[in-house]
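A.B. asks: Sequence first, predicted model second:
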Number of protein chains: 2
Amino acid sequence: MVKNMTTSSVRTSVTLADVAALAKVSTSTASLAYRRTGSITERTRARILAAAAEIGYAGPNPTARSLKSGRSGIVGIIVAGTVRRAFQNPVAMATMSGLSEALDDLDVGQLLLSHRSESGDRSARLLDGMPVDAVVFLTRGEEFDGLLPSMRARRIPMVGVEGPHEEGVTLVDIDDASGMAVLAGRMRDLGHRRVGVVMRATRIDANGPPGPLSSVDADFDSISNRTIRERLRAVASVFPDAVRVEAGGRELDSGEIAAGRLLDAASPPTAILAQNDMLAVGALRAAEARGLQVPRDLTVTGFDGADIPLLDRRLTTVEQPLHDRGLQAGRMVGELLAGGSPSSIVLPVAFREGDTSGPPR
Amino acid sequence: MVKNMTTSSVRTSVTLADVAALAKVSTSTASLAYRRTGSITERTRARILAAAAEIGYAGPNPTARSLKSGRSGIVGIIVAGTVRRAFQNPVAMATMSGLSEALDDLDVGQLLLSHRSESGDRSARLLDGMPVDAVVFLTRGEEFDGLLPSMRARRIPMVGVEGPHEEGVTLVDIDDASGMAVLAGRMRDLGHRRVGVVMRATRIDANGPPGPLSSVDADFDSISNRTIRERLRAVASVFPDAVRVEAGGRELDSGEIAAGRLLDAASPPTAILAQNDMLAVGALRAAEARGLQVPRDLTVTGFDGADIPLLDRRLTTVEQPLHDRGLQAGRMVGELLAGGSPSSIVLPVAFREGDTSGPPR
DNA sequence: CCGCACCATCGAAACGATGCGATTCGCATC
DNA sequence: GATGCGAATCGCATCGTTTCGATGGTGCGG
C-alpha cells in the first residue's frame, strides 16, 4: 500500500492491494491471479496481471507468503568451519554436488551456513534467525551439537551426513570403519608389518606442524571426531603396532610434512595408510622428495575415493559413494518436507586397488 | 498460539503469545525480552525467558520478524549453470571465498541460487520466491539478463562480478582486455608470430568435441559472453593472424583436446595463448603427450592466476585479484544494505611471468 | 418461468511478530 | 497523603499475503 507519498519521495513497495485497487477487484481476487488453486476467470486474471505490470508489481512478497503458509522454501546447509574451506575439500564438494542436484529438483533454495566453534554464539544466532524449512549437516563436526536444541524446539527437520549421531537427526552414514578394516587387511595380506598412519588434523582450523609420532591406538577417547576416531580404530584392529602422526593442517603440504616424519624415523614403515586421499597425495610427495618409488619402495593408501584433479596416479583407496550420499540426504529432505519420516541409512564403501600399493620390498 | 489441540495431536508452533500468557505479561513485553532496544526489567526478562524455556519456545519466528522489518538478512548468490560446476571452477571459488568472508562479517545468510537458461522460468520463479535483501551475480552469464526486471521491480539491490553490464547493477569489473593485451604484447616481444588461441566453450554446459580452427577475429559479435569476447579481441589486436579453437567443454580434457588440434595442424603455433588457466594446463598436457618441452618447444600461457592444486609448474599468466573482487562485491552489498550507493569499480590485473613461456625455438 | 447449483468474487480473519503511543507503576519529594 | 516523573508495561494497528466462508449472479434443467 502506498502510504508515504510525501514530496521526499519515500515510497514503500507496491503491494497486492495496490494492484487490486487498480484492477478494481478485491485483494483476495488479486491473490487468486497468482495461485494455481482457486477459480478465477481468465479475463479477470489478465486484467489483474495488466494492472500489476502497470504499477510495477513483481509478484507476491515472499516473506508474507511464508508467514501465511508456514514455509519458506529454504533448506539450510550447514558446514563446519568456513564456507571457503568446505568447498576446497573434495569430499564435501562431491557430497554437495549430489545434495544440490536433489534439492534443485525439490525447487527449494539452498542457504549456506557455516558454523565454527569459536564464533559459536554468533553463527548459532544467525541460524536461529533464518527461515529454513529443514537443515542438512553437510560435514561432520562436533560443534553442531550445540545447534540441535533450538532446531528441535522449532521443529525443523534435520538431516546429517556422517553425523551428528543425535536424536532427531536422520542420518546418511558411511560404513567407513569396516572399509578401513578391509583396506588394512589387504595391506597385511600383502605382507606389510611396519605401518604408518597419517591422520587428519583433529581441529578443523588447524594450521601448524604435525603432531608427535605415537602409537596408533593412543588415547582414542580424546578424539572427538567420530569419523577420524573410527577409521583409526579400524587400522588399530589390524595393525596394533602401527605408528601414527597427526597432520598439522588441512592443506596438501601438511600431509607431506607429516608423512615425512614417518619416513624419516629410525625404522620407517613399508606402508603409509593415510586417512584420506589428500593426505595420501601428500605422502606420495614426501616419498618422491626422498627418492622412494611408489609402490616399489613404499605403499601409500588413501580413503574416500575423491576426485583429485591433476593426479596422474590411481590411488589405492576405499571409495565412498560421495555423490550418492548427497543425493540420499536430499531425498530425505524431500521426504521430511512432505511430512514423511525417512529412516537413517548406512551406505557401503568399496576397496579399490590402484597403482600405489604392493608388497613390501 | 496453540489452536489445534485435537486428539490427533496436530500442534501448530509455540508463539510469543503463548510465552506471554504463561509469564503473565503482554506480548509486547514478551517481545522486549528478545530485543536489544527498549526497556525491560531484568526480573521480567528472566521470567519471560523461563516461561519460554518451559514451553519450548525457541525465539521469535524469523519470517514474522522479516515481514515487520522488511528485511530477511539473506543475500542471494547467483551462479550460472549449476552450483556444482560453479564450485569446481577455481575462479568462481576464489571469488566466492572473498565474498563469503565479507558476507560473514555482515551477519547475513548466503543463499545459493543457480540459473541456467534451459530451465529459465523455473529458476527465475525460484529466485522470485526467495526473500533476499540483495543479490550478487557471482559469475558472468548472459542468462542473468532475464532476471533483472523482476529484481528491479522489487527494488532488490544487485551487485555483479564482471557483469551484467546493465542499469541498476553495481559492478566489480576486471580490466581483462588490457591484461590480455599486455600478455600478448610480451609474447610478441619474445618473438612469437605463429600463435594459437584456446578459448573457453561459449555455452556454459558444453560437452563435446572442440570447434573448428578459425581465424582469431572470426565473428566476434556472435560471442555473447563479454568476458570471452573481450579477451579474444585483445589477442586479435596484437596477433591478427592467430588461429583459434573453442574447447568443447569445461573439463581439463577438453582443453587438452582443443590444444591438440592446434598442435597437430600443418604449421603449429610456437605459442598457445589459453584463455584461462585450466585450459592452459590442458595445453601443457597436450604438449607433453606430443613430446614437446615447455617452454623450449612451445610457450603456453593462461589467464586468471587461479590457484591450481597439484600443478608443479608456474604458469605464465595474468593474475586477477580473485579473492579481492569477492571482497569488494561483499563490501558493496554491505553499503547497499546500509542504504548507500557504492559506485562500480574496475580492478586491475597483472602480468605474471612463469616458467611456461620463452622465445620460439 | 422458477428454482437450484455452481462459480467468480468478496470481506474478514488469520499468520507471528514489532513498535508506537498510551497507560500504569514505583518511588521520591514536598 | 498528594504530586510529579521516568521507567516499565500494555493495547492495538500493522507488515502483505492467503484462505475460509459468505454472497451474488449466471445459466440450465424441469
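C.D. replies: Nice, I can see it. Model, not experiment: these values are computed from the prediction. Numbering: from 1, shown residues only, chains lettered A, B, ... in the order given.

A.B. asks: Strands along the stretch 201-350 of chain A, start to end?
C.D. replies: A:214-215, A:243-246, A:271-274, A:299-301, A:317-319, A:345-347, A:350-352 (DSSP state E, counting those that start in this stretch).

A.B. asks: For burial, what's the neighbour tally of the closest residue to chain B within the stretch 151-300 of chain A?
C.D. replies: Nearest residue of the stretch 151-300 of chain A to chain B (C-beta to the nearest C-beta) works out as residue A:153 at 3.6 Å. Just so you know, the C-beta spots here come from the backbone N, C-alpha and C atoms, and that holds for glycine as well. By the measure other C-beta atoms under 10 Å in any protein chain shown, the count of residues near residue A:153 is 18.

A.B. asks: which one is it nearest to, not counting chain neighbours?
C.D. replies: residue B:58 (3.6 Å; C-beta to C-beta, 6 or more residues apart in numbering or on different chains).

A.B. asks: what's the one you found in contact with, if anything?
C.D. replies: Residue B:58 is in contact with A:128, A:150, A:153-154, B:14, counting by C-beta atoms under 8 Å, 6 or more residues apart in numbering or on different chains.

A.B. asks: Most neighbours among those, which one is it?
C.D. replies: residue B:14 (20 neighbours).

A.B. asks: can you pull the contacts of the nearest residue to that residue once chain neighbours are set aside?
C.D. replies: Nearest non-adjacent residue to residue B:14, counting by C-beta to C-beta, 6+ apart: residue B:57, 4.7 Å away. By C-beta under 8 Å, 6+ apart, the residues touching residue B:57 are A:153, B:14-16, B:18-19, B:51.

A.B. asks: Swap in 10 Å and give it another go.
C.D. replies: With contact taken as C-beta atoms under 10 Å, 6 or more residues apart in numbering or on different chains, residue B:57 is in contact with A:153-154, B:13-16, B:18-20, B:22, B:30, B:34, B:48-49, B:51.

A.B. asks: ok, now residue A:147?
C.D. replies: A:76, A:78, A:113, A:115, A:120, A:123-124, A:127-128, A:135, A:137, A:141, A:158, A:164.

A.B. asks: and it, which of the three is it?
C.D. replies: helix (DSSP: H, G, I helix; E, B strand; the rest coil).

A.B. asks: And the pLDDT for it?
C.D. replies: Residue-level confidence at residue A:147 comes out at 90, pLDDT.

A.B. asks: quick one: it and chain B, what's the gap?
C.D. replies: 11 Å (C-beta to the nearest C-beta, to the nearest Å).

A.B. asks: Which residues of chain A lie near DNA strand D?
C.D. replies: Chain A has residues A:1, A:3, A:12-13, A:15-17, A:27-28, A:31-32, A:34-35, A:37-38, A:60-61, A:64-65, A:67-69 near DNA strand D, with proximity defined as C-beta under 7 Å from any atom of the strand.

A.B. asks: does stretch A:126-136 come close to chain B?
C.D. replies: Yes. Counting by C-beta under 10 Å from any C-beta of the partner chain, contacts between stretch A:126-136 and chain B involve A:126-132.

A.B. asks: Using CSV, write out every CA atom in that stretch.
C.D. replies: In CSV, the C-alpha atoms belonging to stretch A:126-136 read as follows (Å, rounded to 0.1, in the frame of the first residue of the first chain):
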residue,chain,number,x,y,z
LEU,A,126,22.4,-16.4,12.5
LEU,A,127,20.9,-19.8,12.0
ASP,A,128,18.2,-19.1,14.5
GLY,A,129,17.2,-16.0,12.6
MET,A,130,17.0,-17.8,9.3
PRO,A,131,13.7,-19.0,7.9
VAL,A,132,14.6,-22.6,7.0
ASP,A,133,12.2,-25.5,6.5
ALA,A,134,14.9,-28.0,7.1
VAL,A,135,18.7,-28.2,7.6
VAL,A,136,21.4,-30.6,6.4
